[in-house]
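S.K.: structure for this input, please:
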Amino acid sequence: MTFAPFSVYDAPRMSMHTKQTTKPQPRKETWLDPPWTQPDDPEPQRVFTRDELAERLRILTPQTTAADLQYWEAKRILPQPIRRRHAGATRTIYPDWYSHLVRRLRQLQDAGYSLRQIKEKIRAEASFLKRGETPEDLDLHLPTDASVGLATFARMYEEIAGASVTRIEIRLIDASGSGAVYSYDLAPGGRPSAYPLPPSRE
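M.R.: The predicted structure is shown next:
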């Protein structure tokens with residue numbers, strides 16, 4: 001019995017499939033997610049489309065546009081809107097308190113904060129801002145004698161720990177368990193900031 005010569009070139013052509021992996025996109029954080037909304041929070045009294053919100057904001061914060069909102073959402077400084085049935089169609093929806101977040105963002109921009117700092121502050125102040133209360137009075141400078149005392153304490157810590165202190169935080173808590181954290185950046189050009197503490201749930 002004889003066999004015909006077989007060459008690898010006679011084999012059926014096989015295609016090589018390369019497995020492609022795509023990096024999962026991070027989940028979008030909407031205004032229904034913490035820290036913006038807590039499970040026991042009531043529904044917003046009113047909702048607005050992006051254009052309606054931008055029109056409302058022109059009164060509170062002139063020059064704010066729908067494009068500004070989209071930019072801040074893309075940078076994850078402000079939460080994303082949700083899509084919901086509204087006025088007979090499915091639309092992009094914002095809660096009535098969203099304008100308080102935008103107003104605070106503009107205030108912090110005017111005060112010279114970076115977008116990264118603004119993102120951190122607005123998240124920390126979310127429950128405070130939703131009530132329409134602007135925590136301007138929390139951005140306080142320490143009296144001179146208190147500043148000197150804290151600086152001395154920081155130097156003492158540095159000698160003991162052998163590490164440089166870059167920031168001092170003071171936590172003030174009232175009888176209900178709420179209060180604020182005052183943060184003082186010791187770096188050149190640093191500025192004080194404050195973060196409200198929500199009431200204790202214990």
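S.K.: centre of the chain to stretch 111-129, how far?
M.R.: Distance, stretch centre to chain centre, for stretch 111-129: 7 Å (Cα atoms, centre = their mean, to the nearest Å).
S.K.: got the buried residues for it?
M.R.: Neighbour-count burial for stretch 111-129 flags 113, 118-129 (criterion: 16 or more other Cβ atoms under 10 Å). Quick note: C-beta positions are derived from backbone N, CA and C, even for glycine.
S.K.: average pLDDT across the lengthiest helix in the chain?
M.R.: Looking across the chain with DSSP state H, the single longest helix is helix 144-161. Averaging pLDDT along helix 144-161 yields 80.
S.K.: so what does it touch, helix or strand wise?
M.R.: For helix 144-161, the packing partners by 3 or more Cβ pairs under 8 Å, 6 or more residues apart in numbering; DSSP states H and E come out as strand 167-173.
S.K.: paired strands for the strand it packs on, with orientation please.
M.R.: Strand 167-173 pairs in its sheet with strand 179-185 (antiparallel), by DSSP bridges.
S.K.: now the partner strand: buried residues?
M.R.: By neighbour count on 16+ other Cβ under 10 Å, the buried set for strand 179-185 is 179-184.
S.K.: which of those lies closest to residue 89?
M.R.: Looking at these and their distance to residue 89, the nearest is residue 180, at 42.4 Å (Cβ to Cβ).
S.K.: the closest one bridge partners, please.
M.R.: Legend: beta-bridge partners of residue 180 under DSSP bridges are residue 172, residue 196.
S.K.: thinking again about what came up before, need the buried residues of strand 179-185 in a markdown table with pLDDT and distance to residue 61, can you?
M.R.: Converted to a markdown table, the buried residues of strand 179-185 look like this (pLDDT from 0 to 100; distance: Cβ to Cβ, whole Å):
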| residue | pLDDT | distance to residue 61 |
| --- | --- | --- |
| 179 | 68 | 29 |
| 180 | 70 | 25 |
| 181 | 74 | 27 |
| 182 | 73 | 26 |
| 183 | 73 | 25 |
| 184 | 73 | 28 |
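S.K.: could I get those residues as TSV with distance to residue 52?
M.R.: TSV is the format used below for the buried residues of strand 179-185 (distance: Cβ to Cβ, whole Å):
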residue	distance to residue 52
179	36
180	33
181	35
182	37
183	36
184	40
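S.K.: ok, now which ones touch the spatially closest residue to residue 105 that is not a sequence neighbour?
M.R.: What sits nearest to residue 105 in space, not counting adjacent residues and going by Cβ to Cβ, 6 or more residues apart in numbering, is residue 118, at 5.8 Å. Shown in contact with residue 118 (Cβ atoms under 8 Å, 6 or more residues apart in numbering): 77, 105, 108-109.
S.K.: who wins on neighbours among those residues?
M.R.: residue 105 (23 neighbours; other Cβ atoms under 10 Å).
S.K.: which one of the contacts of residue 118 is nearest to residue 95?
M.R.: Nearest to residue 95 among these, with distances taken as Cβ to Cβ, is residue 105, at 15.6 Å.
S.K.: the closest one belongs to a strand?
M.R.: No - using DSSP: H, G, I helix; E, B strand; the rest coil, the assignment for residue 105 is helix, not a strand.
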